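# Compute the structure for the input listed below.
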Amino acid sequence: RDRSGGVTMLLEKPIIIYYFSGTGNTLLLAKKIKEAFEKQKYSVTLRKISTSESVELENDCHLGIVVPVAMESTFPIVWNFVKKLPEGKKRNVFLADTMESFSGGIVGPMKKALTAKGYQCIGAREFKMATSMQMTEKKADTGKKKNETALLQAEEYVQSLIDGSAKWKRIPVLSDLMRLISRGHFIWEKTSQFIRIDDTLCIRCRVCEKHCPVHAIEFTDNQCMKIHHNQCIDCMRCVNYCPRNAFTLGGKKLIQKKNVNVCLL
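Residues are numbered from 1 along each chain as shown. Got it, this is the predicted structure:
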């Protein structure tokens, strides 16, 4: 906003969007946001949030963060990325997150963390999309409809960022309490233990091992797949992209959701 309180248009600078996607929803949204900005003549680059030691940003660009909701907040890999961001120096940043129904512990805490680093938080929006744990055909059908709606809403969100009408609200006490649910690794390890592999179906293709974002999967000397639950973040990538659907969650099979090529995740 300008000093008089009016809205200001988003300057036409390059935009770097960092994303993390477990099963593909968030990548679909990131691509749609990129497309919508490019229609308005902005230059946009997508980059994966990874486990690298540092995060590089060009000197004169806007920053976008597009991530999934998990445990009412988001994955540890995302919070680690935020910690590694360079000082903001008043750089504009916007947030988009994907969720099945509710969050509470991401929008506010993310704004707090980025503001403390010197970023100018210009807008945040949450998009309801398909769950990564589809147990029934009804859930799968509902998810498809949610995704279609979310991708339409993405264009509206981009327009609000450009014309300066986007908001990034923060409810300090509630959102900070919700963030506490996902802080530390205990809850991630506990829920990870529900993920199991059926060795009779596994074909040792190692897709799960190759594409696990936190390297929590390995094949032992006797070619049995092992999950290191103390590292796992429950992103469900392995469960949804196994070519034989050999994983179970709490003893139940999922209806797999393969929205994108696993190599792009």
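
# quick one: buried residues of the helix or strand Glu209 falls within?
Using DSSP states H and E, Glu209 falls within helix 207-211. The neighbour-count check on helix 207-211 (16 or more other C-beta atoms under 10 Å) flags 207-209 as buried. Every residue, glycine included, has its C-beta placed from N, CA and C.

# Redo those residues as a markdown table? Include distance to Leu29 and pLDDT.
Shown next, in a markdown table, are those (distance: C-beta to C-beta, whole Å; pLDDT from 0 to 100):
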| residue | distance to Leu29 | pLDDT |
| --- | --- | --- |
| Val207 | 23 | 95 |
| Cys208 | 24 | 96 |
| Glu209 | 27 | 96 |
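
# which of those lies closest to Ile233?
Checking those against Ile233 by C-beta to C-beta gives Cys208 as the nearest, at 13.8 Å.

# which residues in the chain form strands?
Listed in chain order, the strands of the chain (DSSP state E) span 15-19, 44-48, 62-68, 92-99, 120-128, 195-197, 217-219, 225-227, 247-249.

# Provide the count of other residues in contact range of the nearest residue to Thr149 once chain neighbours are set aside.
The shortest distance from Thr149 to any non-neighbouring residue, by C-beta to C-beta, 6 or more residues apart in numbering, is to Lys128 (7.5 Å). By other C-beta atoms under 10 Å, 19 other residues sit near Lys128.

# distance between stretch 168-186 and the chain's centre?
Counting by C-alpha atoms, centre = their mean, to the nearest Å, stretch 168-186 is centred 16 Å from the centre of its parent chain.

# Show the end-to-end separation of it, please.
30 Å (C-alpha to C-alpha, to the nearest Å).

# do the same with stretch 251-265
26 Å.

# Return the set of buried residues in it.
Counting neighbours by 16+ other C-beta under 10 Å, one finds that the buried residues in stretch 251-265 are 254-257, 259-260, 262, 265.

# For that stretch, which outside residues touch it?
Contact partners of stretch 251-265, identified using C-beta atoms under 8 Å, 6 or more residues apart in numbering, comprise 21-25, 27-28, 48, 130, 132-137, 139-140, 143, 147, 196, 207, 211, 213, 236-237, 239-242, 245, 247-248.

# and that stretch, what's its mean pLDDT?
Stretch 251-265 comes out with an average pLDDT of 92.

# Cool, thanks, signing off.
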